[in-house]
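Undergrad: Fold the following, please.
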Amino acid sequence: MNSNIDDFSKLNPIVFHFCGQAVHWGEMALELYKGNKIFRESMDKIDNYLKINYFNGESMLNKLRKSTNEDKNNEDQYLTHSILFMFQVSMFELLKSEMILPSCIFGISCGEMASLYCSGILSLKSVCDLLIERAKLMDTFYNLNPNGIPFFIKMGADQFNEKYSNKYSDLEVSAKFSNSSTLMATCNLEQFEQLEKEFKENNIFIKRIPSKIPFHSSALDCIKDYANKTKDVEIKNSNSNSIIQTYCSYNGKLYDQSNPFNIFESIRSCVDAESITHDIIKKFELNGAKKLIFVEISPHPVLTNMVYENVKSSKSNVFTTVSIDDTDPNVISLSSLNKNNDDIVHINNIINIIKKHTKINK
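TA: I've put the predicted structure just below:
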């Protein structure tokens, strides 16, 4: 598949974005695993590969299915990294089997592992080496400081910094999702609880994330020396037919020879999904596209609403209406699964919507 950025308008107008971690549970995608051969075979293939080469015969998938303590699961970085990776790659393979391939992709935080593999940039061995190294770094941090607090707020980063950063100096912006959605991080429980109280009194949404790692914040500087032992990942020729254009989550640029993957920057730097989404919208518009479909590769919607917010703030003259249903907007935002819906029914509905609004199978 040739995904040259200049040919966006000639391709299926589809963008895949891969969510980050802290989204798994014991029966995650179980119905799909039982009911879809392609998804199941991919899950088993990756699970077996990890089991044999990294986990001394232990299956991470079996570990997930037998789990009962969700808090403990989210503390196990090897489990969270492995399960998210195998799910996202397997969902990619399922959609690929339906001839649904994206023009470009990007991963959020841990989701970058799957995006690097699905893009064609890394082999399975290379990405699994990186996956385990990333999990090891997160585990190292957790052992040094198990008191991190990641949390989500319905407020833009600029607005938070303007109104609250002086008062709550230990609370950091760690991911910019849109001008009204931000991921924050801290190791200061007192300041978090003060902000939580203030936000709730003012009816501002705030929610703690089920993890104890303050992703993409200065707290992770303590593992920089460990991380710097891992070399940058060089990128193949970005014009290669085997490469899907892939955005770097922390600088918003396309990965290429001048912009390699750096493991420390990927876990330390602030994620900027807002700028990436704006850039994608702009490039499709400049290349004459009239419709755009975003698909979140996630077991449950995490950032689907982010697309709505970023379409509104992009000031595009073309991409102005958004929908998650089967109407006829020029931007559609979908999530591959939803924990509240039957897996098979949900993914079949998503596939049908994508095919209806593209030239696939026409």
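Undergrad: which intervals of the stretch 201-350 of the chain have sub-threshold pLDDT?
TA: By pLDDT under 70, the low-scoring segments of the stretch 201-350 of the chain are 236-242, 323-328.
Undergrad: Now do the strands in the stretch 51-200 of the chain.
TA: For the stretch 51-200 of the chain, the strands defined by DSSP state E, counting those that start in this stretch cover 104-107, 149-153, 172-178, 181-186.
Undergrad: Out of those, which gets nearest to residue 261?
TA: strand 104-107 (10.4 Å; Cβ to Cβ). The way it works is simple: take the backbone N, C-alpha and C, and place the C-beta from them, glycine included.
Undergrad: Next one: residue 311 relative to residue 18, how far apart?
TA: 20 Å (Cβ to Cβ, to the nearest Å).
Undergrad: Next: residue 75.
TA: From residue 75 to residue 18 the distance is 22 Å (Cβ to Cβ).
Undergrad: more crowded one of those two?
TA: The residue with more neighbours, out of residue 75 and residue 18, is residue 18; 31 against 18, by other Cβ atoms under 10 Å.
Undergrad: Name the nearest residue to the more buried one, sequence neighbours excluded.
TA: residue 111 (3.3 Å; Cβ to Cβ, 6 or more residues apart in numbering).
Undergrad: who's in contact with residue 35?
TA: Applying Cβ atoms under 8 Å, 6 or more residues apart in numbering to residue 35 gives the contacts 343, 344.
Undergrad: what's the pLDDT at it?
TA: Among the per-residue scores, residue 35 shows a pLDDT of 96.
Undergrad: Dihedrals phi and psi, it?
TA: phi -100, psi -10 (degrees, to the nearest 10).
Undergrad: partners of the residue nearest to residue 161 when sequence neighbours are not counted in the sheet?
TA: Residue nearest to residue 161 in three dimensions, not counting chain neighbours: residue 173, with 6.8 Å by Cβ to Cβ, 6+ apart. With DSSP bridges as the criterion, residue 173 is bridged to residue 184.
Undergrad: didn't residue 173 look like it was pressed against residue 162?
TA: No. With contact defined as Cβ atoms under 8 Å, residue 173 and residue 162 do not form a contacting pair (11.6 Å).
Undergrad: who's more crowded, those two?
TA: residue 173 (20 against 10).
Undergrad: Check the gap between that one and residue 131 for me.
TA: Distance of residue 173 to residue 131, computed by Cβ to Cβ: 26 Å.
Undergrad: next one: phi and psi at the residue of the chain positioned farthest from its centre?
TA: Centroid-distance maximum for the chain: residue 201 at 31.2 Å, with Cα atoms, centre = their mean. When read as degrees, to the nearest 10, the backbone of residue 201 gives phi -60, psi -30.
Undergrad: any idea how far it is from residue 152?
TA: 18 Å.
Undergrad: before we move on, what about residue 359?
TA: 37 Å.
Undergrad: Looking at those two, which has the bigger crowd around it?
TA: Neighbour comparison, residue 359 and residue 152: the larger count goes to residue 152, with 17 against 9 (by other Cβ under 10 Å).
Undergrad: Touching, the more buried one and residue 206? I think so.
TA: Yes. At 7.2 Å, residue 152 counts as touching residue 206 under the criterion of Cβ under 8 Å.
Undergrad: residues in contact with residue 351?
TA: Residues counted as contacts of residue 351 (Cβ under 8 Å, 6+ apart) are 95, 98, 100.
Undergrad: count of neighbours near the last one?
TA: This means residue 100. Residue 100: 21 surrounding residues under other Cβ under 10 Å.
Undergrad: do the same with the second one
TA: Neighbour count of residue 98, defined by other Cβ under 10 Å: 17.
Undergrad: Tell me how far it lies from residue 295.
TA: Distance from residue 98 to residue 295, by Cβ to Cβ: 12 Å.
Undergrad: Could you do residue 215 as well?
TA: Distance, residue 215 to residue 295, using Cβ to Cβ: 23 Å.
Undergrad: distance between the ends of stretch 60-78?
TA: With Cα to Cα, to the nearest Å as the measure, stretch 60-78 spans 8 Å from end to end.
Undergrad: what's next to that stretch, contact-wise?
TA: Stretch 60-78 has contacts (Cβ under 8 Å, 6+ apart) with 21-22, 24-28, 30, 43-44, 47, 50-51, 55, 79-80, 82-83, 86, 132, 135-136, 138-139, 142, 146, 210-213.
Undergrad: ok, now stretch 146-162?
TA: For stretch 146-162, contacts defined as Cβ under 8 Å, 6+ apart pick out 22, 75, 141-142, 173-174, 176, 178-189, 192, 196, 199, 204-209, 211-215, 219.
Undergrad: Show the end-to-end separation of that stretch, please.
TA: 29 Å.
Undergrad: now swap in stretch 95-105 and tell me
TA: Using Cα to Cα, one end of stretch 95-105 lies 14 Å from the other.
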